[in-house]
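# coordinates only, sequence not included:
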C-alpha cells in the first residue's frame, strides 16, 4: 500500500503536489490553445503591407473546434483541481472525487491519443514533432497515473481515519454475509 508520495511526502502533501501538477498542466494547455487561436485569428482584418490596402482574410473557424473543446476540457480541469485543493484543506474526501474521476477520463483519452500517435509514428513515420508529441503525451500519462494513485490512497486515508491500508468500506459494519444471519 502507498503511504507516501514520491517517497518524501505524506499522502496529503502528495495530493497537493498532484493538484499543483494538474493546475500547471492545465495552464500550459490553455496557453497553447490561446496561442493557436490567436495565431489563426490574427490575419483577419489586417492591412496587407505589400499593396497597402485593407484585406479581409477568411478564417475557417471549424478548424478551431478541437481547440475550443480543449479550452473547455482544461478549464474544467482547473475547476476540479480547485475542488481538490479545497478538499485537502477541509479534509473532505467527497471534494477529491471530481478531480479523481475527471483525471481518469483524461487518462482514457490520453491513452487513445497515445495509440493514435503510435500508429502514425510506427506506420507512417510522419515527422519529428509527432514523435516529440508522442513522448510528451506518454510522460504526462505516466505522471497523471502516479498522481491518481497518490490521490486514491489519500482518499482512503481520509475515509478510514488516517489509515490508507484499510479498505474503502466502513469497517465498523459487518460484511453482508454476517448481516443475513
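Happy to help now that I have it. Not measured: the values here are computed from a predicted model. Numbering: from 1, shown residues only.

# Next up, the contacts around residue 110.
Neighbour list for residue 110: 137, 140, 141, 144 [criterion: Cβ atoms under 8 Å, 6 or more residues apart in numbering]. Yep, even glycine has a C-beta here, placed from its N, CA and C like the rest.

# Could you name the helices and strands sitting against the helix or strand the second one falls within?
Right, residue 140. Here residue 140 sits within helix 128-159, counting by DSSP states H and E. Packing contacts for helix 128-159, counted by 3 or more Cβ pairs under 8 Å, 6 or more residues apart in numbering; DSSP states H and E, involve helix 11-41, helix 97-119.

# What's the mean pLDDT across it?
For helix 128-159, mean pLDDT is 85.

# Could you shift the numbering so residue one becomes 37, and keep it that way?
Fine by me, first position is 37 from now on; the one you just mentioned is helix 164-195.

# Pull out the buried positions in it.
Buried residues in helix 164-195, defined by neighbour count with 16 or more other Cβ atoms under 10 Å: 170, 173, 176-177, 180, 182-184, 186-195.

# And stretch 112-126, by the same measure?
In stretch 112-126, counting by 16+ other Cβ under 10 Å, buried: 113, 116, 117, 118, 119, 120, 121, 123, 124.

# got it, and stretch 59-70?
Buried residues in stretch 59-70 (16+ other Cβ under 10 Å): 59, 61, 62, 65, 66, 69.

# Relative to residue 49, which of the residues you listed is nearest.
residue 59 (15.5 Å; Cβ to Cβ).

# hang on, the closest one packs against residue 119?
No. In this structure, residue 59 is not within contact of residue 119 by Cβ atoms under 8 Å, at 11.8 Å.

# list residues touching both of those two?
Between them, residue 59 and residue 119 share no contacting residue under Cβ under 8 Å, 6+ apart.

# Confidence-wise, which helix or strand of this protein is lowest on average?
strand 83-84 (a mean of 50; mean pLDDT, DSSP states H and E).
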